[in-house]
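Enquirer: after the sequence you'll find the predicted model.
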Amino acid sequence: MAKIIDGKHISQEIKDELKQEVAALKASGRECALAVIQVGNDLASSVYVRNKKKACEYIGIRSLSYELDENTSEDELLALIDKLNADSSVHGILCQLPLPKHMDEDKVIKRISPEKDVDGFHPQNVGALVIGQKGFVSCTPAGIIQLLKRSNIQMEGKHCVVIGRSNIVGKPMALLMLRENATVTICHSRTRNLKELCKEADILIVAIGKPQFITADYVKEGAVVIDVGIHRDKNNKLCGDVKYDEVEPVASAITPVPGGVGPMTIAMLMHNCVEAMKMYS
Ligand SMILES: Nc1nc2c(c(=O)[nH]1)N[C@@H](CN(C=O)c1ccc(C(=O)N[C@@H](CCC(=O)O)C(=O)O)cc1)CN2
């Protein structure tokens, strides 16, 4: 039976550590603030934004909420970001993704000051990660590193296969695993021998975006399996990219969906906010 990597528990541990730190900072007169921007009313995004605000409240971070209409122009959004960039009482800014189709996501991300980019999406922060310098790291991959560390799973020398090459998850994930001295293979939609490569993984990180795609025959006996996917199955139940019931008996450790990687994304966002205040205010 695999060890279940409990993201809910580990994220709670991180939030509790942050709550203490924030209380101490408050006692010395420093209050941390995060601006959360949502454009439109995508249902899933509303859930994530609500959970981010709840986490802020729990930890003691002030959250400023900007709920913009679906038809807001890109210029209006950029003007709001400019205003928040200039506001020294705001330490972190995030735009919930995806943005509506008429907006250029890259342009919007680039407009957020790198010093307030607590999502770690700005090219300057991504570049810092590439060359091993300090900067904000994308929250989902940073959360996966915490899940592994806090579950005492060694990364050094292990073969880590990452499926997915998005800017938000796959690429930063591969760089972080490299930083931990793992040997890293990145697979994607054009990879020819996906199953064979996955079967070689000691640590398999799945961000393929296809519900229950990874079955037991992709997984080496005793591998650690991290599932980044989040979907609804035909019964409207949450599921990941991994066929959990089939893969769990083969793996030595596995993340569930829900309750695995997802909650860590929010915990690491909170971590980045506190770091933003400590580093730049
Ligand atoms: N600006 C950003 N946009 C998006 C990010 C991001 O990091 N920054 N990531 C995702 C969505 N996301 C955070 O924003 C996110 C996804 C999932 C979860 C989560 O806790 N999932 C739960 C299930 C929640 C539910 O649907 O009931 C779980 O897996 O247990 C948190 C955050 C895209 N956009």
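Expert: All right, it came through fine.
Enquirer: domains for the protein, by residue range?
Expert: Here the domain parsing of the chain from automatic domain parsing is 29-116, 139-262.
Enquirer: could you identify which of the ones you listed is most buried?
Expert: domain 139-262 (a mean of 19; mean count of other C-beta atoms under 10 Å). Bear in mind the C-beta positions are built from the backbone N, C-alpha and C, glycine included.
Enquirer: ok, it near the ligand or not?
Expert: Yes: using C-beta under 6 Å from any ligand atom, domain 139-262 reaches the ligand at C139, T140, I230, L238, V257, P258, G259, G262.
Enquirer: repeat for stretch 35-42
Expert: No: judged by C-beta under 6 Å from any ligand atom, stretch 35-42 stays clear of the ligand, getting no closer than 8.7 Å.
Enquirer: check what contacts that stretch and list those residues.
Expert: Contacts to stretch 35-42, defined as C-beta atoms under 8 Å, 6 or more residues apart in numbering, come from residues 45-46, 49, 52-53, 63-70, 72, 77, 80-81, 84, 90, 92-96, 98-100, 103.
Enquirer: let me know the average pLDDT across stretch 35-52.
Expert: Here stretch 35-52 scores 97 as its mean pLDDT.
Enquirer: please save the CA atoms from it in CSV.
Expert: What follows is stretch 35-52 as a C-alpha-only set of coordinates in CSV (Å, rounded to 0.1, in the frame of the first residue of the first chain):
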residue,chain,number,x,y,z
ALA,A,35,-4.2,42.1,-4.0
VAL,A,36,-6.3,39.4,-5.8
ILE,A,37,-7.6,40.2,-9.2
GLN,A,38,-10.3,38.1,-10.9
VAL,A,39,-11.6,39.0,-14.4
GLY,A,40,-14.9,37.4,-15.2
ASN,A,41,-16.7,34.7,-13.2
ASP,A,42,-15.3,31.4,-14.2
LEU,A,43,-16.6,29.0,-11.6
ALA,A,44,-13.4,27.2,-10.7
SER,A,45,-11.5,30.5,-10.5
SER,A,46,-14.0,31.8,-8.1
VAL,A,47,-13.5,28.8,-5.8
TYR,A,48,-9.7,29.3,-5.9
VAL,A,49,-9.9,33.0,-5.3
ARG,A,50,-12.3,32.5,-2.4
ASN,A,51,-9.9,29.9,-0.9
LYS,A,52,-6.9,32.3,-1.3
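Enquirer: so what's the closest residue to G7 other than its chain neighbours up against?
Expert: Nearest residue to G7 in three dimensions, chain neighbours excluded: G260, at 4.3 Å (C-beta to C-beta, 6 or more residues apart in numbering). G260 makes contact with I5, D6, G7, L147, I226, D227, G240, according to C-beta under 8 Å, 6+ apart.
Enquirer: can you do 10 Å?
Expert: Contacts for G260 were tallied using C-beta atoms under 10 Å, 6 or more residues apart in numbering; they are 4-8, 10-11, 143-144, 147, 225-230, 240, 242, 244, 254.
Enquirer: residue of this protein nearest the ligand, please.
Expert: Closest residue of the chain to the ligand, C-beta to the nearest ligand atom: G262 (2.2 Å).
Enquirer: for that residue, which non-adjacent residue is spatially closest?
Expert: I230 is the one closest to G262 (C-beta to C-beta, 6+ apart), at 6.2 Å.
Enquirer: pretty sure that neighbour is touching T255, no?
Expert: No: if you go by C-beta atoms under 10 Å, I230 and T255 don't touch, sitting 11.3 Å apart.
Enquirer: identify the contacts common to the two.
Expert: Contacts common to I230 and T255, judged by C-beta under 10 Å, 6+ apart, are G240, V261, G262.
Enquirer: just the strands from the stretch 151-281 of the chain, written as ranges.
Expert: For the stretch 151-281 of the chain, the strands defined by DSSP state E, counting those that start in this stretch occupy 159-163, 183-187, 203-206, 224-227, 231-232, 238-239, 253-254.
Enquirer: quick one, which of the ones you listed gets closest to V274.
Expert: Closest approach to V274 among these is made by strand 224-227 (24.7 Å; C-beta to C-beta).
Enquirer: so which helix or strand takes in the residue most central in space within the chain?
Expert: By C-alpha atoms, centre = their mean, the mean C-alpha position of the chain lies nearest to T140, the distance being 1.7 Å. When elements are assigned from DSSP states H and E, T140 belongs to helix 139-150.
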